[in-house]
Structure formats: C-alpha cells, structure tokens
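Colleague: Quick one: sequence and predicted model below, then my questions.
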Amino acid sequence: MFTGIIQAIGTIRSLTKVEQEWRLVVTCGSLDLGDVKVGDSIAVNGCCLTAVGVGEDSFAADVSEESMRCTALGTIKEGSSINLEKAMQATDRFGGHIVSGHIDGVGILVDKEPEGQSLNLEFETPDHLQKYIAPKGSICIDGTSLTVNKVSGNKFAINIIPHTQTTTIISGYKLQQKVNLEVDLIARYLERLLEQKDDSYPVKIDKDFLGAHGFD
C-alpha cells in the first residue's frame, strides 16, 4: 500500500532482458534504503515492484513483459528519471490517498500550460477509466497523488504546484508522453457494490440509496 506522496526521484541505471522478463536497476537518489530488504515493495512511477536486490544507493526489480506492455514502464530507458515511494508503514501519515500500486491504464499528456507559478496539464485517458475520474476527486499519475480539476469527455486536467514540480518528474513531461494512471480505489469498490444483485443483502446499495444518504 502507498500514499502517492513521492519520496525521491530516482534514475534507471540499467534495463536488461533476462529470459522473458526485464531486470531494472534503480539508483535511488535521496531515498533512504536503510530499512529496505529483499522482498519489500517500492513503487516505481506508481508500479508496485518487488526488490530482488538492495544496495547502498540502488535496488533491483524484475518486471514481466506483460507489465512492460500494459504500463508506461515500457517507455522508460537507461537514464530515465522515475518517481519512487516505499510501501507505507502502519504508523505513517496518510498524506495523499489510498494507492495500491496496480496500474489501471496509460494516459497521454495532450496539453501543458503555465498558470502563474503552477502548471496546468491535460491528459487523455482510456475510455474504460472515464467513469472513475471526477472533478475534485483523486487520481494517481506515475505514482503521484493528485486532485482532478476538471473533466471533459475522455480528458481531465490537473494543476501542479511548484513544490510538486520540484519533488516529482512531472515538470519534465513532454506532450504525448505516456503516464501510468491509477484511479481512486474507493471508486472501483463502489462500482462493484452498485453491481451487486444478491437479494440476500438487507440493503440494496444503488444510486437512490447513496443519494438519500448524502452522496450526490
């Protein structure tokens, strides 16, 4: 489990094919690896990866061919900068939102404009993710917990404040860049509840029920 608060910007030291998988070696920048051991989870651009080797300033992880195809990890190369977050502990502050590290789809940056000292970014999202993205709701982009400003069809916009620009890789995004998207976990579970047709449930959770209890 993660929070979407990026802890460091790392670099892909090497990317090599090992049989049918890829081996990533990541230089971790300022990320403290003192409490990380083999088997622990680290989010790399929002993808939950398992450390299979840990050094003083780096770790190695294996990535399947399927993950490379289905996420934006397929676009990284040696020297690429990446967002890093260690799995949260039970005593950590929940500064962002609930992030699983399981990517739902790949978005594309279609517009990037300065707005004061901030950046206004617009992304195009796969059609199947549209229903999970709502104005003022949460979304995770390359592992970063962000608030959606507005939604229009299959596009949504976010505002990146100066602090986020300096502590994540987002300020370096180029137009048409692919990014990892993870929608709000609560929205996914809510959809599943709405689909529930089991008559043994004492209360049917549907749109009318939610509206009557303050969920518009």
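Modeller: In hand now; what should we look at?

Colleague: quick one: low-confidence parts of the chain?
Modeller: 196-205, 216 (pLDDT under 70).

Colleague: Which residue lies nearest the spatial centre of it?
Modeller: Taking Cα atoms, centre = their mean as the criterion, Gly143 is the residue nearest the geometric centre of the chain, at 3.2 Å.

Colleague: Could you find the closest non-adjacent residue to it?
Modeller: Spatially, and ignoring its direct neighbours in sequence, Gly143 is nearest to Gly46 (3.4 Å; Cβ to Cβ, 6 or more residues apart in numbering). Placement of C-beta: from N, CA and C, glycine included.

Colleague: Please apply the same query to Leu185.
Modeller: Ile98 is the one closest to Leu185 (Cβ to Cβ, 6+ apart), at 4.8 Å.

Colleague: returning to that earlier point: dump the residue contacts of the residue nearest to the centre of the chain.
Modeller: Taking Cβ atoms under 8 Å, 6 or more residues apart in numbering, we find Gly143 in contact with 2, 4, 6, 43-47, 83-85, 99, 101, 180.

Colleague: Kindly recompute the last result at 7 Å.
Modeller: The contact partners of Gly143, by Cβ atoms under 7 Å, 6 or more residues apart in numbering, come to 4, 6, 43, 45-46, 83, 85.

Colleague: returning to that earlier point: any idea how far Cys140 is from the residue nearest to Leu185?
Modeller: In this view, Ile98 and Cys140 are 9 Å apart by Cβ to Cβ, to the nearest Å.

Colleague: quick one, which of these two is more surrounded?
Modeller: The residue with more neighbours, out of Ile98 and Cys140, is Cys140; 28 against 17, by other Cβ atoms under 10 Å.

Colleague: Which residues does that one form beta bridges with?
Modeller: Beta-bridge pairing for Cys140 (DSSP bridges): Ser145, Glu182.

Colleague: Use 26 as the first number for this chain going forward.
Modeller: Got it, the first residue is 26 from now on, which makes the last one we talked about Cys165.

Colleague: wait, it sits on Gly29?
Modeller: Yes. If you go by Cβ atoms under 7 Å, Cys165 and Gly29 touch, sitting 5.1 Å apart.
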